[in-house]
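Trainee: model this:
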Amino acid sequence: MKKHGFAKQAIAQVVLLCFVQMLFFPVVGFSQPLECQFDKSNPTLENARLSFRTLNYACAEEEIEAFLKLEDITIEEKADAHVLLAAVYYAKLKNDEEKRNQVVSQFKQAFQAYRAWKGDLDISSTEFFEMMQEAQAQVDEEAEQTVIEEETPAIVEQPATASEPKIEEVEQPAKVEDEQPAVASMPAYEGGSVKESKPWYKKWWAIGLGVGLIAGVVVLAGGGGSDDGGGSTDTTLPDFPDPPPAGKNNPNSKIKK
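Mentor: Model (predicted):
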């Protein structure tokens, strides 16, 4: 009975070893890096995508980087290459932070090359799609900021030199003309120029009036006196008196013979 029990135990161990060998060794074989089978002088995205689907991420990354170095690729092909490289990093990298940074960076480069890219993703994952949307938002924000900076003129401040004194602005006093009252009436114009107003004592009517007053004073001063002390201005002379009668005592009464 003991021999029978040992035989069963040995058979079970052999079966277990065979199972482990069938399960473990193929995984080890596929995990080893394979040689990249692509034309170094003519890399293609189709061959790089095939390497990606066969889990040969290192070879897919190498061929994509070689493809991006070509000079005659279009902006659509450049965007496709960056999107495929983002899928490679998403599947290859294990560190979450490094994975996110690399994937978002590749998506940004894809949209910077061709913003209207609307191709198919090689990984159908919600997290992978959210990373793509995050990269789109960052590209749009950076583009908007660039437009604002280009439209805003740069203000360059000139440094003050020691030889140039600083000029301070001095407030100018108000003009006297502004403080004078407004003129009630405008002066008369004569011949296109302003006629100056003369003083009243220089006007003709004032001069004439003065001359008349002086003449009147002179007349009154010269002929206004009389014997009776009156102020009469009557100039009628009195009648001559009658001659005296003829007599002896009158020398004028002699009659010539």
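
Trainee: Would you mind giving both backbone torsions of the residue nearest to residue 66 when sequence neighbours are not counted?
Mentor: Nearest non-adjacent residue to residue 66, counting by Cβ to Cβ, 6 or more residues apart in numbering: residue 43, 4.1 Å away. C-beta: built from backbone N, CA, C; applies to glycine. Phi and psi for residue 43, reported as degrees, to the nearest 10, are phi -70, psi 150.

Trainee: gap between residue 43 and residue 75?
Mentor: Residue 43 sits 18 Å away from residue 75 when distances are taken as Cβ to Cβ, to the nearest Å.

Trainee: Walking through this protein, point out its helices one by one.
Mentor: Counting by DSSP state H, the chain has helices at residues 2-31, 45-53, 57-68, 75-92, 96-113, 126-151, 176-179, 204-223.

Trainee: If you count surrounding residues, which of residue 43 and residue 75 has more?
Mentor: residue 43 (21 against 14; other Cβ atoms under 10 Å).

Trainee: any idea how far residue 37 is from the more buried one?
Mentor: From residue 43 across to residue 37, the span is 12 Å (Cβ to Cβ).

Trainee: Over to residue 122?
Mentor: Residue 122 is 20 Å from residue 37, by Cβ to Cβ.

Trainee: Between those two, which has more neighbouring residues?
Mentor: residue 122 (17 against 11).

Trainee: ok, now which ones touch the closest residue to that one other than its chain neighbours?
Mentor: Residue nearest to residue 122 in three dimensions, not counting chain neighbours: residue 87, with 4.2 Å by Cβ to Cβ, 6+ apart. For residue 87, the contact set (Cβ atoms under 8 Å, 6 or more residues apart in numbering) comprises 52, 121-123, 128.

Trainee: The residue nearest to residue 66 contacts residue 67, correct?
Mentor: Yes: with contact defined as Cβ atoms under 8 Å, residue 43 and residue 67 form a contacting pair (4.3 Å).

Trainee: Just the buried residues from the contacts of residue 87, in PyMOL please.
Mentor: Of the contacts of residue 87, the buried ones can be selected in PyMOL as follows, counting by 16 or more other Cβ atoms under 10 Å:
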select buried, resi 52+122+128
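
Trainee: Run through the protein and note the low-pLDDT ranges.
Mentor: 1-10, 12-35, 153-203, 219, 221-257 (pLDDT under 70).

Trainee: tell me the contacts of residue 60?
Mentor: Counting by Cβ under 8 Å, 6+ apart, residue 60 touches 48-49, 51-52, 84, 88.

Trainee: Report the buried members of those residues.
Mentor: By neighbour count, with 16+ other Cβ under 10 Å, the contacts of residue 60 hold 48-49, 51-52, 84, 88 as buried.
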